[in-house]
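> got a predicted structure here, sequence first:
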Amino acid sequence: MTDTPPAAIDADGVRLAYGRRVIVDELSLRVPEGSFTVIIGPNGCGKSTLLRALGRALVPQTGRVLVEGVDLAGQRPKQIARRIGLLAQSPTTPSAITVAELVSRGRTPHQGLLRAWSTEDQDIVAESLREVGMLDLAQRPVEELSGGQRQRVWIAMALAQRTPVLLLDEPTTYLDVAHQVDVLDLCSALHASGRTLVAVLHDLNLAARYATHIVAMRDGSVVAEGAPSDILTPAIVRDVFDLDAIVLEDPETGRPLVIPRDRRNSHARSQKETT
């Protein structure tokens with residue numbers, strides 16, 4: 001019998017709503033410590049809502065979220081921001097701000113009346129930029145960067161918080177395929193350095209390539225969770241997405257490769273059989 005790895009995040013009986021509209025109800029989820037967990041599911045199933053709750057950007061109506069065993073409900077915002085970093089989907093970049101200035105905002109949770117900006121903060125900003133390959137552009141205005149570069153800067157800002165857990169809401173949105181791979185390669189490297197990552201992704205094959213743990217959601221509930229090879233099966237893809245697919249072994253990585261069946265051919269066959 002193998003030991004269950006400790007959890008970086010535990011959500012227990014969580015109910016999430018916007019006003020009276022309930023999005024997630026009685027959901028429980030366990031994010032393994034040191035994992036690269038990817039949440040998948042159809043549009044509107046509650047993926048981003050759940051991620052916001054894991055980062056305490058949305059307060060559950062019922063249930064609780066624990067990060068490394070600590071209930072976030074009992075923590076002040078700055079305390080939470082020292083435990084978990086949240087990169088929202090398509091964040092708005094302030095105007096007339098440099099790369100270094102934006103990343104330095106990640107140090108805000110560590111500032112206070114008795115602790116002003118220090119050389120340690122400056123070193124952490126530089127190290128965060130170095131990790132994402134943007135140190136040479138530290139003085140460049142963020143608005144002059146490409147989409148992929150901007151995403152790296154936002155990730156660097158989250159890294160500057162120096163949290164053990166990093167949440168990423170659709171980090172590849174609006175990026176072309178080369179920049180998607182570039183950003184996820186970066187996330188994989190951050191995971192390899194010891195961080196726990198949780199990301200919402202739409203592309204099943206990118207999820208299969210990078211995740212160590214996948215959570216499949218539908219209608220505000222967790223349908224299945226586990227290793228990519230256990231979750232990305234024809235049956236689960238059909239149950240979650242209403243999509244018939246063939247799942248092969250990716251010749252590059254050995255991981256699952258999801259290929260949707262050609263509905264046009266199925267329609268043509270069906271018509272031929274009825275004539």
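On my side now, so go ahead. Numbers count the residues shown, from 1 in each chain.
> which element is the residue nearest to Ala57 when sequence neighbours are not counted on?
Nearest residue to Ala57 in three dimensions, chain neighbours excluded: Leu86, at 5.9 Å (Cβ to Cβ, 6 or more residues apart in numbering). Every residue, glycine included, has its C-beta placed from N, CA and C. Leu86 belongs to strand 84-87 when assigned by DSSP states H and E.
> doesn't Arg238 lie inside a helix?
Yes: counting by DSSP: H, G, I helix; E, B strand; the rest coil, Arg238 falls inside a helix.
> surely the residue nearest to Ala57 is in contact with Ser48?
No: with contacts counted by Cβ atoms under 8 Å, Leu86 stays clear of Ser48, the gap being 10.9 Å.
> identify the contacts common to those two.
Counting by Cβ atoms under 8 Å, 6 or more residues apart in numbering, the shared contacts of Leu86 and Ser48 are Asp169.
> just to revisit the earlier point, and the strand holding Leu86, how far from the chain's centre?
9 Å (Cα atoms, centre = their mean, to the nearest Å).
> on that earlier part again, I'd like to know how many residues surround the residue nearest to Ala57.
Look at Leu86: counted by other Cβ atoms under 10 Å, it has 21 neighbours.
> any chance you could map the helices in this structure?
47-54, 77-83, 99-104, 119-131, 147-160, 177-192, 204-210, 228-231, 234-241, 263-274 (DSSP state H).
> ok now the second one, how far from the chain's centre?
Once both centres are worked out by Cα atoms, centre = their mean, helix 77-83 turns out to sit 18 Å from its chain's centre.
> what's in contact with it?
55-56, 67-68, 70, 72, 75, 108-110, 112, 161-165.
> got it, and the fifth one?
Defining contact as Cβ under 8 Å, 6+ apart, one finds that helix 147-160 is touched by 85-87, 91, 93, 99, 102-107, 124-125, 128-129, 131-134, 137, 142, 145, 166, 168, 171-172, 174-175, 179, 182-183, 186-187, 190.
> I figured Leu204 was touching Thr233, is that so?
No: using Cβ under 8 Å, Leu204 is not in contact with Thr233, being 11.3 Å away.
> looking at the two, which one has more neighbours?
When Leu204 and Thr233 are compared on other Cβ under 10 Å, the one with more neighbours turns out to be Leu204, at 26 against 16.
> quick check: closest non-adjacent residue to the more buried one.
Val258 (4.6 Å).
> what does Thr98 give?
Gln139 (5.4 Å).
> picking that back up, and which of the contacts of helix 77-83 is nearest to Gly254?
Val165 (27.8 Å; Cβ to Cβ).
> chain neighbours aside, what residue packs nearest to the residue nearest the centre of the chain?
Nearest to the geometric centre of the chain sits Ala199, at 1.4 Å (Cα atoms, centre = their mean). Leaving aside its sequence neighbours, Ala199 sits nearest to Leu168 (Cβ to Cβ, 6+ apart; 4.2 Å).
> low-confidence regions, this protein specifically.
1-5, 113-114, 266-275 (pLDDT under 70).
> swap in 50 and give it another go.
Scanning the chain for pLDDT under 50 picks out the ranges 1.
> so who does Asp25 touch?
Taking Cβ under 8 Å, 6+ apart as the test, what Asp25 contacts is 15-16, 220-221.
> any of the residues you listed buried? List them.
15-16, 220 (16 or more other Cβ atoms under 10 Å).
> so can I have a markdown table of those showing distance to Gly226?
Converted to a markdown table, the buried ones among the contacts of Asp25 look like this (distance: Cβ to Cβ, whole Å):
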| residue | distance to Gly226 |
| --- | --- |
| Arg15 | 24 |
| Leu16 | 23 |
| Gly220 | 20 |
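> no further questions, thank you.
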